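1. below is the structure, and that's it, no one-letter string:
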């Protein structure tokens, strides 16, 4: 892993959701720093706020209070338009259930984020081929999701996440729908992207086996982070 200074700086973040008249405080004055090149795992019970924190770091949501900075830029007070543009350039997302479009083959699914850029068709094609090669699926370019195993679909999802060469790779339970063998292959791939490509990765997981692949694990419970599991 390489580290070239602080990449993510979350300070004093609260997140409150409203359900009718009820206020649900999910995050409470939370601070976290993530160096460039780190592979960080976030663990904690269901409903502890792990995915909420991931969404704040990725600019998919905004805090109720506090600040979120990525590479020195405060993203929590960007306009919706600027935030969407920033997210398209800097964030790659990997989901538990892959979120591939069944009517598109692997190459077309991976190409989707590039359609938001000004790249020409030949440049998009080159990037797609490179991304699929990095995840070991050069031979599956023309295959549709229904023709791929769960592990292969998740690797296509990772290729889609890295095709824009994002600053951050954010993974929400990326092995949660996979058997152990396929999950290990996906975790091995994420480790390689971290160690060999220098990608900064944050992974939300319930699985200690998955968290063990990360270089650091933080535990979230009742809206607060700690370096040790909460009893």
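-> Right, received. Where do you want to start? Given the structure is predicted, the values throughout are model-derived calculations rather than measurements.

2. alpha carbons only for contacts and neighbour counts from here, please
-> Noted.

3. which parts of the chain are strands?
-> Taking DSSP state E to define them, one finds strands in the chain at 6-19, 22-35, 39-43, 65-70, 73-74, 91-94, 168-172, 200-204, 216-221, 224-226.

4. chain center to the last one: distance?
-> Averaged C-alpha coordinates place strand 224-226 at 20 Å from its chain's average position (CA atoms, centre = their mean, to the nearest Å).

5. likewise for the shortest one?
-> On the basis of CA atoms, centre = their mean, strand 73-74 sits 18 Å off its chain's mean C-alpha point.

6. contacts for it, please.
-> Strand 73-74 is contacted from outside by 67-68, using CA atoms under 8 Å, 6 or more residues apart in numbering.

7. hang on, the earlier thing: I'd like to know which of the strands of the chain lies nearest to residue 151.
-> Set against residue 151 and scored by CA to CA, those come closest in strand 91-94, at 12.7 Å.

8. other SSEs contacting the closest one?
-> helix 150-162, strand 168-172 (3 or more CA pairs under 8 Å, 6 or more residues apart in numbering; DSSP states H and E).

9. which of the ones you listed sits most buried?
-> Neighbour counts (mean count of other CA atoms under 10 Å) averaged over each of the helices and strands packed on strand 91-94 peak at helix 150-162, with a mean of 26.

10. tell me how far that one lies from the chain's centre.
-> For helix 150-162, the separation from the chain centroid amounts to 12 Å (computed by CA atoms, centre = their mean).

11. give the other helices and strands that it contacts.
-> strand 91-94, helix 106-111, helix 121-134, helix 180-195.

12. between the third one and helix 180-195, how big is the angle?
-> Angle of helix 121-134 versus helix 180-195, following axes from the mean of the first three to the mean of the last three CA atoms, to 10 degrees, is 120 degrees.

13. mean confidence score for helix 121-134?
-> Across helix 121-134, the average pLDDT comes to 95.

14. what angle separates that helix from helix 150-162?
-> Using the same axes, to 10 degrees, helix 121-134 lies at 130 degrees relative to helix 150-162.

15. from the contact counts, what lies against the least confident helix or strand in the chain by mean pLDDT?
-> Counting by mean pLDDT, DSSP states H and E, the chain has its least confident helix or strand at strand 224-226, which shows a mean of 89. The elements that strand 224-226 packs onto, with contact taken as 3+ CA pairs under 8 Å, 6+ apart, are strand 22-35, strand 216-221.

16. what comes into contact with that strand?
-> 27-31, 218-220.

17. who does residue 217 bridge with?
-> residue 41 (DSSP bridges).

18. quick check: it touching residue 43?
-> Yes - with contacts counted by CA atoms under 8 Å, residue 217 reaches residue 43, the gap being 7.2 Å.

19. what do those two both touch?
-> Common neighbours of residue 217 and residue 43 (CA under 8 Å, 6+ apart) are residue 211.

20. coming back round to it: okay if I get the strands of the chain as CSV plus distance to residue 194?
-> Formatted as CSV, the strands of the chain follow (distance: least, CA to CA, whole Å):
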stretch, distance to residue 194
strand 6-19, 14
strand 22-35, 12
strand 39-43, 7
strand 65-70, 18
strand 73-74, 22
strand 91-94, 13
strand 168-172, 10
strand 200-204, 6
strand 216-221, 13
strand 224-226, 23
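
21. mean pLDDT lowest where, among those?
-> Among those, strand 224-226 scores lowest, with a mean of 89.
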